[in-house]
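J.: A structural model of the following input is requested.
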Amino acid sequence: MLRAYFGVFLLIAFSITNGVSAAMNSTNYQINFDSINSGGTDFSSSTNFQMSDTLGEQGTGYTSSTNYVLHAGYRQYDEQIDPPTLEFILGAQENDTQTAYTAFSIAGKTVTVADASDFASGTRIGVVENQGLAESFVVGRVIDVTGLVLTVDKWDGMTGTITESPSGGNDFVYRLEGHTIAFGTIDTLGAAGIVHTEVSTNAANGYTLQIQSDGYLEADPTHRINDVADGTVTAGSNEYGARVYGTTATSTGYDFPVTTSYLDIQKSTTTAVADRVGMIYKVSMDYTVAAGNYQQTVAYLLTPNF
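T.: Predicted coordinates for the structure are as follows:
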């Protein structure tokens with residue numbers, strides 16, 4: 001029995017609501033905000049940090065009354081206009097929600113399932129074709145359920161590979177709301193499980209999403225699944241790895257090892273609204289692998305770019 005357990009790091013989104021601002025202007029000029037102070041620099045930066053600073057202001061900060069809100073100070077205007085937000089959603093394949101599908105459309109953003117009882121508006125789902133190490137899949141967020149037809153906001157993942165005519169037998173839809181992938185009992189054909197990641201931020205320079213594991217996929221230090229080394233997890237081999245697909249996916253085009261070193265899997269250099277990536281974890285075994293409960297924890301780290 002091989003199982004992989006996934007841990008998650010979440011960053012809380014910050015927002016500021018309610019406020020007013022004022023500006024001075026004339027026929028030819030406008031001063032959006034002014035300040036009497038003793039110094040400061042609009043943009044100070046180093047390799048890893050960026051700072052906007054002001055020195056010597058008096059009476060700064062936030063105050064309010066029944067009818068007014070005041071953000072006093074030169075930098076308070078920055079907070080009022082552009083509060084920082086960083087949001088992250090992660091969901092893994094829930095095996096007990098597996099249901100077959102009979103029709104699928106990329107352009108129409110729909111999939112027709114055999115049983116819609118596990119799905120509702122807002123649910124993240126994964127559509128898997130030819131389940132296994134060579135499977136094709138896409139992920140999306142359900143925005144409507146009408147009978148057996150699920151409509152999503154958009155499809156992300158292997159949109160150029162998955163076909164619109166399920167071949168039957170091993171084509172399924174899963175809810176992607178869990179945080180554990182259970183590979184189950186593994187044979188020489190191997191097994192796979194999918195997750196989705198979704199990032200939204202107003203950071204001007206975007207974000208970077210990384211993964212890091214706590215070690216090998218192993219039952220104990222002497223019984224482990226080898227990290228994939230040749231870019232492909234192959235059936236009948238003792239190998240384990242992952243691959244990502246999507247517009248903002250990085251480290252693409254090969255199966256990579258999931259190690260204790262941080263690895264970029266998703267990145268943007270601009271603001272983002274529901275940037276979504278599909279990720280597949282793959283495991284295979286040969287006759288040398290001992291029976292056991294093989295586990296690994298994977299942490300996801302999201303940071304804004306400065």
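
J.: Show me the domain layout of the protein.
T.: 2-12+87-304, 24-82 (automatic domain parsing).

J.: Dump these into JSON lines; add mean pLDDT and mean neighbour count as well.
T.: Every residue, glycine included, has its C-beta placed from N, CA and C. Below are the domains of the chain laid out as JSON lines (pLDDT from 0 to 100; neighbours: other C-beta atoms under 10 Å):
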{"stretch": "domain 2-12+87-304", "mean pLDDT": "92", "mean neighbour count": "18"}
{"stretch": "domain 24-82", "mean pLDDT": "65", "mean neighbour count": "11"}
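
J.: Now do the strands in the stretch 101-250 of the chain.
T.: 110-113, 124-129, 136-146, 149-152, 156-157, 172-178, 180-184, 191-201, 207-213, 217-220, 223-225, 239-245 (DSSP state E, counting those that start in this stretch).

J.: mind checking which of these is nearest residue 268?
T.: Nearest to residue 268 among the strands of the stretch 101-250 of the chain is strand 207-213 (5.8 Å), distances taken as C-beta to C-beta.

J.: tell me the angle of that closest one relative to strand 239-245?
T.: Using axes from the mean of the first three to the mean of the last three C-alpha atoms, to 10 degrees, the direction of strand 207-213 lies 170 degrees away from that of strand 239-245.

J.: Could you list the residues in contact with strand 207-213?
T.: 86, 88, 197, 199, 201, 242, 258-268, 272, 277, 296-305 (C-beta atoms under 8 Å, 6 or more residues apart in numbering).

J.: Taking strand 191-201 as reference, get the angle to it.
T.: Note on geometry: by the same axes, to 10 degrees, strand 207-213 and strand 191-201 are set 150 degrees apart in direction.

J.: Spatially central residue in the chain, please.
T.: residue 197 (2.0 Å; C-alpha atoms, centre = their mean).

J.: Mind giving me the packing neighbours of the host helix or strand of residue 90?
T.: Assessed by DSSP states H and E, residue 90 sits inside strand 86-93. The contact analysis (3 or more C-beta pairs under 8 Å, 6 or more residues apart in numbering; DSSP states H and E) places strand 86-93 against strand 124-129, strand 172-178, strand 180-184, strand 191-201, strand 297-304.

J.: Reformat these as TSV; add distance to residue 290.
T.: As requested, these are exported to TSV (distance: least, C-beta to C-beta, whole Å):
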stretch	distance to residue 290
strand 124-129	29
strand 172-178	27
strand 180-184	16
strand 191-201	17
strand 297-304	21
